[in-house]
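Trainee: below is the sequence, then the predicted model.
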Amino acid sequence: MLGSTTGVPGSLVGERIVLSKNGAALSDAPKRARTVDFGSYLRTETVGGMVLLAAAAVALLLANSPANAIYAAVRDFEVGPHLLHLDLSIGEWAKDGLLAIFFFVAGLELKRELVIGELSNVRSALLPVIAAIGGMIVPAALAFAISVGAPGHETAWAIPVATDIAFALGVLALTGSWMPTAARVFLLSLAVVDDLGGILVIAIVFTSGLDLLWLLAAVVLCALYWFLQHKRIRSPWIYVPLAIAVWIAVHSCGIHATIAGVALGLLTRVRTDPDEDASPAMRLEHRLQPWSAGLVVPVFAFFAAGVPVDGDALVSMFEDRVAVGVIIGLVVGKFVGIFGSSFIAVKLRIGNKPSSVSWLDMGALAMLGGVGFTVSLLITELALEGAAAERAKAAVLIASALASLLAAATLLRRGRKFNGNGNGADEQGGNVTHG
């Protein structure tokens, strides 16, 4: 039987679950031998964040070196059949195709959280939900107010609404390992709601010219997927072609193709039957998450983060009100929105702050909310074009780096003070007592 089913994106909170090669669930108890493989290595948030950072760094180096022409030629090289408008560039395949796998995993995590995880209990979920909403509204409002009147401001306000799960968790794992489990659960629950908000923004703001026939086909295919899940059909020979067909239908109907991944993730069954060791959602998340963290997101970052960052580019970026709005929105707006809405909710007794998490800790977590990368870069590519998109991408990278450094500095300083008081986290349960 499975242990604790309280879930968080990318891993499980409570008793850690490890799946064997045949899909069986094994409790990660101290007495049981642990199997360390490359997949489990990639499942750790620290490693996922490091791979993502490395891909972005290589892209920046190539884009600002003599190899820039080769990098751009590979990114813009078109491949695929003209039929169904699938003759996309490699960069577009990374954005529309590969990233659908990332959103499928996000959909699985969101479904699990809503049904059996932290977000299934309204009272427990209320504070991170309120914090996430505040962390989307304030950055968007700041970005819009700063950029209003500038070309592209009509949609560019959406760029700073997203928090990157991999980067945020990587920074927390590297510099805040002493933090109580409740802090990590808060950040991850907030990230799940933030993902949902980003998904809704992409689906609503960046959808135009709907083809109703293709939309109907997508709905029918999704209904077929749900029916097969309901009937407990498990064959990948059915689901893989069906998932590809759903992606093609969504891509062709005018909605951004990554929404296909979210839809299928939300339609996947998360409750375990008596004769199962793990639910389909658990098995799929376990198998796909390493691919998402180790390949999908880094490849997207590699083709999206290659922007010029020389002196002239930086000057033009800071002269662009849209780019400045993105930086202010991520660094300032995310912090103010997350921390401010949390503080108000707790004072009004709408939500409950974990007793083991101080307000200084909440401030550090709010700073981590300003690490916007994957979804922010995706929205940038959807909202802007040409030089404006390059400047906004550079703004996302700079803002994410700045938010990471501020959060890391705060966490490290808090950690030194925390350890100096002789306190520590219980390795099994993560319980701490602040001095």
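Mentor: In hand now; what should we look at? Keep in mind that this is a model prediction, so the values were computed, not measured.
Trainee: just give me how far the helix or strand hosting Leu53 sits from the chain centre.
Mentor: Mapping Leu53 onto the secondary structure by DSSP states H and E places it in helix 45-63. Relative to its chain's centre, helix 45-63 lies at 15 Å (Cα atoms, centre = their mean, to the nearest Å).
Trainee: swap in stretch 370-389?
Mentor: The answer for stretch 370-389 is 14 Å, by Cα atoms, centre = their mean.
Trainee: buried ones in it?
Mentor: 370-384, 388-389 (16 or more other Cβ atoms under 10 Å). C-beta here means a position set from N, CA and C on the backbone, and glycine is covered the same way.
Trainee: where along the stretch 1-150 of the chain do the helices fall?
Mentor: 38-43, 45-63, 68-76, 90-92, 99-116, 122-147 (DSSP state H, counting those that start in this stretch).
Trainee: what sits up against the third one?
Mentor: What that stands for is helix 68-76. Identification of contacts with helix 68-76 by Cβ atoms under 8 Å, 6 or more residues apart in numbering yields Ala59, Leu62, Ala63, Ser89, Ile90, Gly91, Phe303, Gly306, Pro308.
Trainee: redo that, cut-off 10 Å
Mentor: Residues from elsewhere that reach helix 68-76 (Cβ atoms under 10 Å, 6 or more residues apart in numbering): 58-59, 61-65, 67, 89-92, 94, 302-304, 306, 308.
Trainee: now the shortest one
Mentor: Residues lying outside helix 90-92 but in contact with it, judged by Cβ under 10 Å, 6+ apart, are 72-80, 86, 97, 257, 299-300, 302-304, 306, 381.
Trainee: just the mean pLDDT for it, thanks.
Mentor: On average, the pLDDT along helix 90-92 is 91.
Trainee: ok now it, how far from the chain's centre?
Mentor: 20 Å.
Trainee: cool, and stretch 196-208?
Mentor: For stretch 196-208, the distance to the chain centre is 15 Å (Cα atoms, centre = their mean).
Trainee: then it to CSV, C-alphas only?
Mentor: Only the C-alpha atoms of stretch 196-208 are listed here, as CSV (Å, rounded to 0.1, in the frame of the first residue of the first chain):
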residue,chain,number,x,y,z
LEU,A,196,-2.9,27.0,-12.6
GLY,A,197,-3.0,30.8,-12.9
GLY,A,198,-0.3,30.7,-15.6
ILE,A,199,-2.2,28.0,-17.4
LEU,A,200,-5.4,30.0,-17.4
VAL,A,201,-3.6,33.1,-18.6
ILE,A,202,-2.1,31.2,-21.5
ALA,A,203,-5.4,29.6,-22.4
ILE,A,204,-7.5,32.9,-22.2
VAL,A,205,-5.1,35.7,-23.2
PHE,A,206,-3.2,33.9,-25.9
THR,A,207,-6.0,32.1,-27.7
SER,A,208,-7.3,33.7,-30.9
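Trainee: what residues sit buried inside it?
Mentor: Leu196, Gly197, Gly198, Ile199, Val201, Ile202, Val205, Phe206.
Trainee: and those residues, which is closest to Val138?
Mentor: Gly197 (12.5 Å; Cβ to Cβ).
Trainee: could you say which helix or strand holds that closest one?
Mentor: helix 181-205.
Trainee: show me how far that helix is from its chain's centre.
Mentor: For helix 181-205, the distance to the chain centre is 8 Å (Cα atoms, centre = their mean).
Trainee: ok and it relative to helix 99-116, angle-wise?
Mentor: Taking axes from the mean of the first three to the mean of the last three Cα atoms, to 10 degrees, one finds that helix 181-205 is oriented at 120 degrees with respect to helix 99-116.
Trainee: after helix 181-205, heading C-terminal, what element do we hit next?
Mentor: helix 212-230.
Trainee: now the buried members of the contacts of helix 68-76.
Mentor: For the contacts of helix 68-76, buried by 16+ other Cβ under 10 Å: 58-59, 62-64, 89-92, 94, 302-304, 306, 308.
Trainee: can you pull out the low-pLDDT segments for the chain?
Mentor: Residue ranges of the chain with pLDDT under 70: 1-46, 124, 166, 177, 417-435.
Trainee: ok, 50 please
Mentor: Across the chain, the ranges flagged by pLDDT under 50 are 1-36, 422, 424-435.
Trainee: need the longest helix for it.
Mentor: Scanning the chain for the longest helix, with DSSP state H as the assignment, gives helix 386-420.
Trainee: just the buried positions in it, please.
Mentor: 388-404, 406-408, 410-411, 414-415, 418.
Trainee: related to what we said a few turns ago, for the buried residues of stretch 196-208, which one is nearest Asp164?
Mentor: The closest of the buried residues of stretch 196-208, once distances to Asp164 are taken by Cβ to Cβ, is Gly198, at 10.1 Å.
Trainee: residues contacting the closest one?
Mentor: Gly198 touches 103, 106, 136, 158, 161-163, 262, 372, 374-376, 378-379, counting by Cβ under 10 Å, 6+ apart.
Trainee: dump those into JSON lines; add distance to Val322 and secondary structure as well.
Mentor: Shown next, in JSON lines, are these (distance: Cβ to Cβ, whole Å; DSSP: H, G, I helix; E, B strand; the rest coil):
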{"residue": "Phe103", "distance to Val322": "25", "secondary structure": "helix"}
{"residue": "Ala106", "distance to Val322": "26", "secondary structure": "helix"}
{"residue": "Met136", "distance to Val322": "18", "secondary structure": "helix"}
{"residue": "Ala158", "distance to Val322": "11", "secondary structure": "coil"}
{"residue": "Val161", "distance to Val322": "14", "secondary structure": "helix"}
{"residue": "Ala162", "distance to Val322": "16", "secondary structure": "coil"}
{"residue": "Thr163", "distance to Val322": "20", "secondary structure": "coil"}
{"residue": "Val262", "distance to Val322": "27", "secondary structure": "helix"}
{"residue": "Gly372", "distance to Val322": "15", "secondary structure": "coil"}
{"residue": "Thr374", "distance to Val322": "20", "secondary structure": "helix"}
{"residue": "Val375", "distance to Val322": "17", "secondary structure": "helix"}
{"residue": "Ser376", "distance to Val322": "13", "secondary structure": "helix"}
{"residue": "Leu378", "distance to Val322": "16", "secondary structure": "helix"}
{"residue": "Ile379", "distance to Val322": "12", "secondary structure": "helix"}
